[in-house]
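**Q** predicted coordinates and the sequence they were generated for:
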Amino acid sequence: MQRNRRAEGGRIDRSRPLRFTFNGKPYEGYQGDNLASALLANGVRVTARSFKYHRPRGIVGHGPEEPSTLVELDGEDASGNRPATTVPLCDGLSARSVNCWPSPGFDLGGVNQLFSGLLPVGFYYKTFKWPGWHLFEPAIRKAAGLAAAPASPPASGHFEARHAHADVLVAGAGPAGLQAALKAGRAGKRVFLADEGTEAGGSLLNRALTIDGKPAMDWVSGTVAELDALENVTRLQNATVWAYREHNLVMVNECDPDRDGILERSWRVRAGEVVIATGTTERSMVFGNNDRPGVMLASSVQAYLNRWGVVPGQRVVLFTNNNSAYAVAADLAAAGVSVSAILDSRRTVAPEALDLVAGLTVHLATVVSEVRGHKGVRAVKAAPATGGAGTWIECDLLAHSGGWNPNVHLWSQSRGALRFDDDLAAFVPDQPVQACRAVGAAAGDLSLDRIIEGGADLAYGIEPLWRVDVPGQRGMAFLDIQNDVTVSDVHLALREGYSNVEHVKRYTTAGMGIDQGKTGNINIIGTVAMQQGVPLQDVGTTTFRSPYTPVSFGAIGGLREETVLFPYRHTPVTRWNKDNGAVMYEAGARWQRPGYFPKPGEGLQEAVNRECRAVREGVGVYDGSPLGTFELKGRDVPKFLDFIYANIMSSLHPGNGRYGLMLSDDGLILDDGVVLRLDAHRWLLSTSTGHADAVNQHMEKLLQTEFPDWQVMITTVTSQWNNATICGPRSRDVIRALGTDIDLSPEALPFMSFCDGTVAGFPARIVRVSFTGELSYEVNVAPRHMAAMWDKVMEAGAPFGILPVGSESSHVLRVEKGFLSLGHEVDGTVDAYDLGMGWAMSKKKADYTGKRSVMLRRASGRVRRELVGILPVDPDRQIPEGAPLTPGGRKEATEGLVTACVWSVVNNRWVGLALLENGHSRHGEIAHVRMKDDVIPITITKPVFHDPEGKLMRS
Amino acid sequence: MLLIPCPYCGKRNECEFIYGGPVGAKRPDPNAVNDAEWVEYLTVTPNPQGPVQEKWWHARGCGEWLVIWRDTRTHDIMEAPDDAT
């Protein structure tokens, strides 16, 4: 039984009833309803409880400005904090109020109302500050919070993103927007018209206006038909323009595209010109208990009446400071609703407004000072605006209009300036910054006759009233209904010294709700202006930021999630790795690499020990393809390499390679790697996996912006070369077994040299480098040969017990040798000297990247943390990586940290590396790792635990 | 999102570029400046409210490093490299 529904009228389909539940109770509405209109039709008055005081609240508005009724939707389309006025009704909808338990009618949190005097603005900050806000925050959040995030993503359907280009983008399909779109469309321009409503028409949907004597909606349907027939016009409904970005990029969120299972579509439209036709929003009046259920915006009462055929009350009082409410009164009277009185704060009113309400009671120079009624309006107190005793008027609905705000959100987001217009008592667009213009009500044309020729409308005629201020006024007067911010809260903030409107906003949270203060912000500015005795222009607005209305995260992400957003990189060996039981890791730069290869029943440590033993005693192989590789060509490469590496590279002979450190100009280590000289003019540079992209950027930036006349060409060849790195004392035997025309003898192919030839029948380049400390050969082949080469290596190596080696074992092997790892030992504070690699810092070169900064820092004489080896005194004691070292293990400032700790197969004990203050001069000393409830003694050593002279890798 | 004019590719979305920071002072000869001057070169970069000259890398495009003048208040790109063609 929809007791507030009129028998006829409105843009709803009474032949299509829809069933829904609200807070568990069943109701019925019609096709064309939104949740709010359906609730009002059913006479549901208390629809919400307020955020802080848990006061009963009803529906206030009819669109995205709704400050009061937020709901949580259940079921497949679960989502939270949706204004009820923006939820289209559908069959089976299930919604719940937020902020109340167990129901808005009986809410246990309502007890807060008794203590409202004890909960002023800043109460939480002032009260819960010892020992720290974070102790109290979780409990307070739980008590305060709005809806919870949905537990799971939508069960079916997906979000989509789409790009579009337009000559003209029109935001809003009200009279001004339709007109602008039509003009551009007829001129053959590519037009993109986006409107947040379910159908075009804007305010005309809610009002009984005429154009050239005919219903305005006839004009709308005629215009829409012409637009839809134009191929160069795209018109979207349910599509909110929510952000205006740089260079005319406009974000549009299309809800419910209702095609192909798409839930929402996010458009990114780059437009030649943006026409802002976003209309206007009515603002609240501020008086005692202005938040009671049954206190509604006048235009919303009009919208429910005309658009949805709903009469939200039986006895209505209107309160206004402008002419627009007179049209509302006229519509109500015409519908047979009893209008008890129109209270107007102005002393004089234009006769054409009064003519419209002939026969109704109008009290001029009168304000509402207070509302009576707890769960619904029962009476309002009409008081003379100049003070004096008031009289109570009984009613069940108070429709109020504090004037109109042009919706300047997009204009302001575009960085366009605003100015306060005294005649309109509102902020309106001033000078544009981007290629855009505001039209219609958004530009301050607040009556239809100013927008469309032949449109008939009352002149606006506002006299601003930012808040009712009469003696003896009682009840809380809300400026921000959603965040429960009252006039006295703003006064308190001003007294406490928050004089800037941005500070008032943040301290009181006024205007920071989901509605972003669409109905109330101007009154906050007005209240501040009244208190400070300055014009509103001087107070200014707070910044308008996107989004204009809430946008779901799904719509922003679209299909870009997980690996679609950020794909993995694979080598041709990935398939083999997976087939052979590798536990795959994500290594640097999104490479998928094998971590280790456990046999059935084997854990990580057993597998790693087995792989390490193979490399140290027999032979192992790992896939070194992800290492960043760049080929450099040109006359100035030697000069360039000498500039970007700390040591001298130009003296390399073709066929040889050299290890070097690359610094940034602030003296930090950017990368380490090996440079090979291929011939007189070609060089091959390898970098660590994770830093390849950064090194490429570094080199290109230098060459293109600092040294544009240097002749150096860089080609990224990371994916043009793959390699199997065969390492261990038997590696030479494996390569011989594979068959090669390259002379592998140490004399012909010594450490840090390379040779081109064939291996196992494939064209290959063998490079003798070592990251494990063993005899080691990098066999480089083209990617198309890599998988086959890998199979042959495993086959040829089988007699020697070859094992694949994962990144866990590589880590152990390099720690045993004290080889540094970026991100472990190199953490953005250490330099080459700290690492014991002063030899890598050329003394001969007058300048290279980073030299001056390293020298400058070292000249300060400050204590440095230096790389050392560590041996736990208890050889079976593992130390977590990152554990702090403190003097004597006492609770003091740290003197270093453990960067790595691994089980060493060759030493049969735990060994590790650490950065320690003055570590180089402390070999042999005992230092202490301080754990949470333990102190671990360690012996400081040189950072090398295997083959200190490096004989093996040179063998 | 800015629309950045690349001399090779035309106007392209900002997400194809990597920001390279404002154009600062030219790198001095490190052996010809004192400590304070060197630190100033390294750490003090232009940060005006208004026109700033800055570097952008068309990393997800042609790989060109380019220099533009951009107004930080309006994002207006006031000067860009001439079309290379």
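**A** Thanks, I have the structure now.

**Q** domains of chain A?
**A** A:1-115+A:142-155, A:472-539, A:574-626+A:720-812, A:628-716, A:862-955 (automatic domain parsing).

**Q** so where is chain B shaky, pLDDT-wise?
**A** B:83-85 (pLDDT under 70).

**Q** Provide the backbone phi and psi angles at residue A:347.
**A** phi -90, psi -30 (degrees, to the nearest 10).

**Q** what's the following helix or strand after the element among helices and strands of chain A having the smallest mean pLDDT?
**A** Each helix and strand of chain A was given a mean pLDDT (mean pLDDT, DSSP states H and E); the minimum falls on helix A:133-144 at a mean of 64. Per DSSP states H and E, the first helix or strand lying C-terminal to helix A:133-144 is strand A:158-171.

**Q** quickly list what residue A:620 is bridged to.
**A** Judged by DSSP bridges, the bridge partners of residue A:620 are residue A:727, residue A:803.

**Q** that one - how many residues pack around it?
**A** For residue A:620, the count of nearby residues is 33 (other Cβ atoms under 10 Å in any protein chain shown). Every C-beta, even on glycine, is put in place using the N, C-alpha and C of the backbone.

**Q** got it, and residue A:163?
**A** Neighbour number of residue A:163 under other Cβ under 10 Å is 11.

**Q** next up, phi/psi of the residue lying closest to it once chain neighbours are set aside, please.
**A** Once flanking residues are discounted, residue A:163 sits nearest to residue A:268: 5.1 Å by Cβ to Cβ, 6 or more residues apart in numbering or on different chains. The phi and psi torsions at residue A:268 (degrees, to the nearest 10) take the values phi -120, psi 110.

**Q** surely residue A:268 touches residue A:253?
**A** No. With contact defined as Cβ atoms under 8 Å, residue A:268 does not reach residue A:253; the gap is 10.6 Å.

**Q** looking at these two, which one has more neighbours?
**A** residue A:253 (26 against 18).

**Q** quick check, that one in a helix?
**A** No. Residue A:253 is assigned strand when assessed by DSSP: H, G, I helix; E, B strand; the rest coil, not a helix.

**Q** okay, and the beta partners of it?
**A** Residues in beta-bridge contact with residue A:253 (DSSP bridges): residue A:240, residue A:266.

**Q** get me the contact residues on chain B for chain A.
**A** B:1-3, B:14, B:18, B:20, B:23, B:27, B:29-31, B:35, B:38-39, B:42, B:55, B:57, B:59, B:63-65, B:67, B:73-76 (Cβ under 8 Å from any Cβ of the partner chain).

**Q** show me where the stretch 551-700 of chain A has strands.
**A** With strands called from DSSP state E, counting those that start in this stretch, the stretch 551-700 of chain A shows them at A:583-586, A:592-596, A:620-623, A:628-633, A:657-663, A:669-677, A:682-687.

**Q** now these in JSON lines, with distance to residue A:938 and mean pLDDT?
**A** JSON lines is the format used below for the strands of the stretch 551-700 of chain A (distance: least, Cβ to Cβ, whole Å; pLDDT from 0 to 100):
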{"stretch": "strand A:583-586", "distance to residue A:938": "28", "mean pLDDT": "94"}
{"stretch": "strand A:592-596", "distance to residue A:938": "26", "mean pLDDT": "96"}
{"stretch": "strand A:620-623", "distance to residue A:938": "29", "mean pLDDT": "97"}
{"stretch": "strand A:628-633", "distance to residue A:938": "35", "mean pLDDT": "96"}
{"stretch": "strand A:657-663", "distance to residue A:938": "27", "mean pLDDT": "96"}
{"stretch": "strand A:669-677", "distance to residue A:938": "25", "mean pLDDT": "95"}
{"stretch": "strand A:682-687", "distance to residue A:938": "33", "mean pLDDT": "96"}
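
**Q** list the contacts for the residue nearest to residue A:711 when sequence neighbours are not counted?
**A** Closest residue to residue A:711 apart from its sequence neighbours, by Cβ to Cβ, 6+ apart: residue A:634 at 4.1 Å. Residue A:634 makes contacts with A:681, A:710-713, as judged by Cβ atoms under 8 Å, 6 or more residues apart in numbering or on different chains.

**Q** could you check how far the closest residue in space to residue A:267 that isn't next to it in sequence is from chain B?
**A** Nearest non-adjacent residue to residue A:267, counting by Cβ to Cβ, 6+ apart: residue A:252, 3.9 Å away. In this view, residue A:252 and chain B are 14 Å apart by Cβ to the nearest Cβ, to the nearest Å.

**Q** please apply the same query to residue A:537.
**A** In this view, residue A:537 and chain B are 20 Å apart by Cβ to the nearest Cβ.

**Q** quick one, phi/psi of that residue?
**A** Dihedral angles (degrees, to the nearest 10) for residue A:537: phi -50, psi -40.

**Q** pLDDT at the closest residue to residue A:835 other than its chain neighbours, what is it?
**A** Closest residue to residue A:835 apart from its sequence neighbours, by Cβ to Cβ, 6+ apart: residue A:867 at 4.8 Å. Predicted confidence (pLDDT) at residue A:867: the value is 97.

**Q** how about the strands in chain B?
**A** Counting by DSSP state E, chain B has strands at residues B:3-6, B:10-13, B:18-22, B:51-57, B:65-71, B:77-79.

**Q** okay, those strands in CSV with mean neighbour count next?
**A** Shown next, in CSV, are these (neighbours: other Cβ atoms under 10 Å in any protein chain shown):
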stretch, mean neighbour count
strand B:3-6, 19
strand B:10-13, 15
strand B:18-22, 14
strand B:51-57, 19
strand B:65-71, 18
strand B:77-79, 14
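
**Q** now those in CSV, with distance to residue A:279?
**A** Converted to CSV, these look like this (distance: least, Cβ to Cβ, whole Å):
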stretch, distance to residue A:279
strand B:3-6, 28
strand B:10-13, 30
strand B:18-22, 37
strand B:51-57, 36
strand B:65-71, 31
strand B:77-79, 32
